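**Q** Fold the following for me, if possible:
(chains A and B)
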Amino acid sequence: MKAVGARLPRYDGVAHVTGQTQYVDDIRVRGTLWTKALRSPHANAAIKRLDTSKAEALSGVYAIVTHKDVPHNVYGHLEALGIPADEPLLAVDEVRYKGQPIAAVAAVDEDTAREAVDLIEIEYEERAAFFDIRKAMDPDWPNIHQWGPVYPHFGSYNHRRVRKGDIDAAFERADTIVEGVYRPQAIEHCPIEPQTALVVPEANGRLTIYSCTQAMYFSMGVVAAHLQWPLNKLKFVGGTVGGGFGGKVDTASETISALLALKAKRPVKWRWTREEEFLVSSTRAPWHMELADAVTSDGWILGRRMTTLHDAGAYARFSPYGVTKHAFHHTGAYTIPNVHFDGFVVFSNRVPTTAMRGFGVTSVSFAVETHMNRIAEVLGIDPLQLRLKNANRIGDTTPNRVVLKDPSTVPVVLAAADRVGYDLPAEYKSMTNARRSGDLLPEHLVAQLGEPEHSSNGGGR
Amino acid sequence: MRLTVNGEQHDLHSPPLTSLLTALREELDITSPKAGCHQGGCGACTVLVDGEARRSCLLPLAAVDGAAITTLEGLGAADDLSNVQAAFDEHYAAQCGFCTSGFIMAATALIDRTPKASREEILAGLSGHVCRCTGYIKIVSAVEAAVGSPA
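**A** Next up, the predicted model:
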């Protein structure tokens, strides 16, 4: 354990400061073609006509791909987890978000590729776009997704549910109900390296794919699925990522570049512009969260009702997974014995949303921590004391029934208080995360207590 | 057009309105200046033009004909890092590394011009350079260390 606390040199530090680190855009392969995409200018439209013939005739154009060139066009990012497919790689007869790719061109340089994109003839029939996810359940919701307004495949439900304890009894016993609505907005990851892929067709029939993905094997699976190829025909080269933050988990540029490389029989590079990165790349989702807590006047949280709407954008991608994580964390670092949670993945005409740093959890943490302050304010209780009182302790069970072995709420809150010079009464300062007893084990927390599982391998994790 | 890049003379054949960034990367295969935005907004393409830090994505080749260009490759090699390079390495100022070349070139120009640059002058000298990983604190610490170290 010599490394803990030591200042060790970064393994890639010298390469970074001498310019020797090779990002995808720095790989040089002779004869590489450049890519530009035809993207939808509309948030919601039918495609009435698509004709690439003039673009194909342009000198310097080597290949153009549309949905007709994709062996398996509609694929879901989480099919391996049983989440069905809903998103076409290249749009077929409709577009559901601004910037959705419809066709892509590989040409001798970027200018020629851009010129060819302009020569592609396309006609749209614009439709009303839908952005306000709070209206997804309204009867006049415009039909924008083949599955309806929300993702319908959470087992037999159309939402992620968590139920524990007796929520009605908790609300009946409460001295006060504290309500709050929290709406964190979308965030673009904004890596300084834009999305870039370089695909090289090899003489042995394989493809070498230089990728900036954060999720190498995942991206291999996505490309293989669209091409309907076995994995052993794909060689992925990557691991050097010029910033990702979750925004390079979706496979954004590799598959289309691969199709172009196969059709052109030449190496193909696709480097997104900053504008594409901002307008078209997936973002962190906007969320809408409604909380109501049943509280006692001395600061116990007896129960929580929560409804979450997650803006998936036009397609599901990873959203069902994000909402599941969100659901599991909806009581935050605190023990609430009675809960009733419903989380919906709502479809809209915004760009699809995706992972970003603590996917699904940052939103709920923002809501929970802000709500804790609100409860403290309503009850006139010190906000850190409220947190310490309701903190997770050894033996407490989370909403999805994990018995906690070593929860860190108490030491973290105490350390934070100490660092900012926040004075707490002695009985709070001396708190630990030990199993509940005495004043910390009121009647309403008895039933939820569990026995932490004992590890069978001698305590190793 | 003729450029001296990292001490070597090159005759370039790219069209005169090609950006210096594209000419360096695509004609000369000098890849440390990065194409982060192509619109002067991120600073990742910064190089020294006759000793001054400039955004190579905004400079047409014709505007720098005859100039001496220094890129990160023209500073110290791996076994002979410049003060600024060594400080960036030691202070963990490079995380993903994509913005690093631009930051080091800007800091190098700043220290050449203002050897005893204050913290405020460092912040001003690095303004307009975008780093998404570090939160800038480690970068500023590295430049402060480079200012304090003997040349």
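**Q** Low-confidence ranges, chain A, go.
**A** By pLDDT under 70, the low-scoring segments of chain A are A:452-461.
**Q** and the longest helix for it?
**A** helix A:361-379 (DSSP state H).
**Q** how about the helix or strand just after it as PDB, C-alpha atoms only?
**A** Counting by DSSP states H and E, the next helix or strand C-terminal to helix A:361-379 is helix A:383-390. In PDB, the C-alpha atoms belonging to helix A:383-390 read as follows (Å, rounded to 0.1, in the frame of the first residue of the first chain):
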ATOM      1  CA  PRO A 383     -29.700  21.000   8.800                       C
ATOM      2  CA  LEU A 384     -26.700  19.000   9.800                       C
ATOM      3  CA  GLN A 385     -28.400  17.600  12.900                       C
ATOM      4  CA  LEU A 386     -31.300  16.600  10.800                       C
ATOM      5  CA  ARG A 387     -28.900  14.700   8.500                       C
ATOM      6  CA  LEU A 388     -27.000  13.000  11.400                       C
ATOM      7  CA  LYS A 389     -30.300  12.000  13.000                       C
ATOM      8  CA  ASN A 390     -31.600  10.300   9.900                       C
END
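**Q** between the longest helix of chain A and helix A:383-390, how big is the angle?
**A** Between helix A:361-379 and helix A:383-390, the angle formed by their directions is 110 degrees, by axes from the mean of the first three to the mean of the last three C-alpha atoms, to 10 degrees.
**Q** my guess is B:Ala117 contacts B:Ile111, does it?
**A** Yes: here B:Ala117 lies in contact with B:Ile111, judged by C-beta atoms under 8 Å, at a distance of 6.3 Å. All C-beta atoms are positioned from the backbone trio N, CA, C, and that covers glycine.
**Q** The two: which has the busier surroundings?
**A** Neighbours per residue (other C-beta atoms under 10 Å in any protein chain shown) separate B:Ala117 from B:Ile111, with B:Ile111 holding more: 22 against 19.
**Q** Surely the more buried one touches B:Ser82?
**A** No: look at B:Ile111 against B:Ser82 with C-beta under 8 Å: they stay out of range, at 9.5 Å.
**Q** contacting residues around A:Tyr422?
**A** Counting by C-beta atoms under 8 Å, 6 or more residues apart in numbering or on different chains, A:Tyr422 makes contact with A:Leu384, A:Ala416.
**Q** any idea how far it is from chain B?
**A** 24 Å (C-beta to the nearest C-beta, to the nearest Å).
**Q** So that residue belongs to a helix, correct?
**A** No: A:Tyr422: not assigned to a helix; according to DSSP: H, G, I helix; E, B strand; the rest coil it is coil.
**Q** Show the average pLDDT along the longest helix belonging to chain B.
**A** Looking across chain B with DSSP H, the single longest helix is helix B:100-113. Averaged over helix B:100-113, pLDDT sits at 98.
**Q** Check which residues of that helix are buried.
**A** Within helix B:100-113, the residues that qualify as buried are B:Thr100, B:Ser101, B:Gly102, B:Phe103, B:Ile104, B:Met105, B:Ala106, B:Ala107, B:Thr108, B:Ala109, B:Leu110, B:Ile111, counting by 16 or more other C-beta atoms under 10 Å in any protein chain shown.
**Q** That one vs chain A: in contact?
**A** Yes: Helix B:100-113 is in contact with chain A by C-beta under 8 Å from any C-beta of the partner chain, via B:Thr100, B:Ser101, B:Ile104.
**Q** Spatially nearest residue to the first one (excluding sequence neighbours)?
**A** Residue nearest to B:Thr100 in three dimensions, not counting chain neighbours: B:Ala94, with 4.2 Å by C-beta to C-beta, 6 or more residues apart in numbering or on different chains.
**Q** my guess is that neighbour contacts A:Arg10, does it?
**A** Yes: counting by C-beta under 8 Å, B:Ala94 does reach A:Arg10; the two are 7.3 Å apart.
**Q** which residues are common contacts for the two?
**A** In contact with both B:Ala94 and A:Arg10: A:His16, using C-beta under 8 Å, 6+ apart.
**Q** Run through chain B and note the low-pLDDT ranges.
**A** In chain B, residues with pLDDT under 70: B:150-151.
**Q** where do the strands sit along it?
**A** Under the criterion DSSP state E, chain B carries strands at the ranges B:2-5, B:8-11, B:46-49, B:52-55, B:68-70.
**Q** State the helix or strand in which the one residue in the stretch 101-250 of chain A that gets nearest to chain B lies.
**A** Here the residue of the stretch 101-250 of chain A nearest chain B is A:Gly242; by C-beta to the nearest C-beta that distance is 3.3 Å. Under the criterion DSSP H and E, no helix or strand holds A:Gly242.
**Q** Please give me every residue in contact with it.
**A** Per C-beta under 8 Å, 6+ apart, neighbours of A:Gly242: A:Tyr23, A:Pro191, A:Ile192, A:Glu193, A:Cys212, B:Lys34, B:Cys96, B:Gly97, B:Phe98.
**Q** Find the residue closest to the second one in space, skipping its chain neighbours.
**A** Translated: A:Pro191. Nearest to A:Pro191 is A:Gly243, by C-beta to C-beta, 6+ apart, at 3.1 Å.
**Q** Contact partners for the one you found?
**A** Contacts of A:Gly243 (C-beta under 8 Å, 6+ apart): A:His189, A:Cys190, A:Pro191, A:Ile192, A:Glu193, B:Cys96, B:Phe98, B:Arg132, B:Cys133.
**Q** try 7 Å this time
**A** A:Pro191, A:Ile192, A:Glu193, B:Cys96, B:Phe98, B:Arg132, B:Cys133 (C-beta atoms under 7 Å, 6 or more residues apart in numbering or on different chains).
**Q** What segments of chain A are helices?
**A** A:13-18, A:53-57, A:110-119, A:167-173, A:216-227, A:254-264, A:274-279, A:319-328, A:361-379, A:383-390, A:409-419, A:426-429.
**Q** Show me which residues of chain B sit near chain A.
**A** When proximity is defined by C-beta under 7 Å from any C-beta of the partner chain, chain B lies next to chain A at B:29, B:31-32, B:35-39, B:42, B:44, B:72-73, B:77-78, B:81, B:85, B:88-89, B:92, B:94, B:96-101, B:104, B:130, B:132-133.
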